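>>> fold the following.
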Amino acid sequence: MLYDRARFMQETILKLNPGASTVVVDWLAAGRVARGENWSFDRFSNEVRIELCNQGEEETSRRVVLRDSLVLDNHLRVSSESARSGPSVEAIMGQFEAIATVYLFGPRLAQAAEEMEQKVADCVTRTFTPYLQRPDTASELASRCLISATQVPRYTRLRSRMYAAARDKARSTTSQQKQHAPVADPPKAAALVIRIAAKSSQLVQDALDDILRPLEDLLGAHPYQ
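Just a heads-up that it's a prediction; the model follows:
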């Protein structure tokens with residue numbers, strides 16, 4: 001949450017080996033809305049970068065899977081030649097007072113990510129909590145909370161290549177043996193990004209509470225309870 005006229009810059013870099021798993025929730029509120037601060041900060045800049053790498057690998061060998069950037073600037077010019085500012089962040093965000101992004105990657109999250117993606121697909125016909133008052137139409141739900149889920153196929157492709165390279169390397173080191181031990185294919189892995197925009201932070205909380213419920217078995221507890 002950023003206060004009036006604040007400036008904030010953040011960069012998050014996640015370096016994962018092909019067998020690692022991670023869940024990251026990035027959540028931004030409009031500000032101290034009760035005090036009239038509705039997206040009234042000066043500038044917000046955020047980038048999340050996810051890389052695949054093997055332990056001890058050189059920096060140049062790392063593979064960028066995802067680079068997700070967001071810049072909200074209340075003083076952004078229409079063009080470099082123009083002195084006129086563009087629309088305010090509040091005008092761009094409209095009725096929404098909170099946004100969140102969930103990043104899920106790795107083999108331990110494969111089943112949970114499938115369940116979460118299905119929850120997102122079903123969101124227009126279900127309620128997250130009684131707070132939503134069970135909207136009668138999809139359009140009414142959309143006016144309160146927008147949710148999307150996107151697969152990241154680049155992660156799957158690069159991870160498969162890394163497994164194949166490791167398999168070839170292992171075989172080359174045992175080329176003098178008469179028989180090779182079978183090498184398993186890479187286990188199925190999650191590669192999912194979920195985005196939420198809502199009319200309040202409470203609605204984001206409610207959405208996350210429902211969507212992240214499949215993580216309960218992995219964590220031993222619900223992450224937001």
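
>>> could I get the phi/psi values of Gly36?
With angles defined as degrees, to the nearest 10, Gly36 sits at phi 80, psi 10.

>>> try the one 3 residues further on
When quoted as degrees, to the nearest 10, the phi and psi of Trp39 stand at phi 60, psi 40.

>>> how about Thr22?
phi -150, psi 150.

>>> these two touch, right, it and Ile13?
No. Using C-beta atoms under 8 Å, Thr22 is not in contact with Ile13; the gap is 11.8 Å. From N, CA and C alone the C-beta is placed, and that goes for glycine too.

>>> so which of these two has more stuff around it?
Between Thr22 and Ile13, counting by other C-beta atoms under 10 Å, Thr22 is the more crowded of the two (15 against 12).

>>> distance check, that one against Leu109.
Taking C-beta to C-beta, to the nearest Å as the measure, Thr22 falls 8 Å from Leu109.

>>> quick check: next helix or strand after the helix or strand of the chain with the lowest mean pLDDT?
Least confident helix or strand of the chain, by mean pLDDT, DSSP states H and E, is helix 138-144 with a mean of 53. Sequence order places strand 145-151 as the next helix or strand after helix 138-144, per DSSP states H and E.

>>> next SSE after that following strand?
Downstream of strand 145-151 (by DSSP H and E), the next one is helix 153-173.

>>> restricting to C-alpha, output the next helix or strand after that next one in PDB.
Where DSSP H and E defines the elements, the next helix or strand beyond helix 153-173 is strand 190-198. Provided in PDB are the C-alpha atoms of strand 190-198 (Å, rounded to 0.1, in the frame of the first residue of the first chain):
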ATOM      1  CA  ALA A 190       3.000 -26.100 -12.700                       C
ATOM      2  CA  ALA A 191       3.600 -23.000 -14.800                       C
ATOM      3  CA  LEU A 192       0.700 -20.700 -14.100                       C
ATOM      4  CA  VAL A 193       0.100 -17.000 -13.500                       C
ATOM      5  CA  ILE A 194      -3.200 -15.800 -11.900                       C
ATOM      6  CA  ARG A 195      -4.200 -12.100 -11.900                       C
ATOM      7  CA  ILE A 196      -6.800 -10.500  -9.800                       C
ATOM      8  CA  ALA A 197      -8.300  -7.000  -9.900                       C
ATOM      9  CA  ALA A 198     -11.000  -6.200  -7.300                       C
END
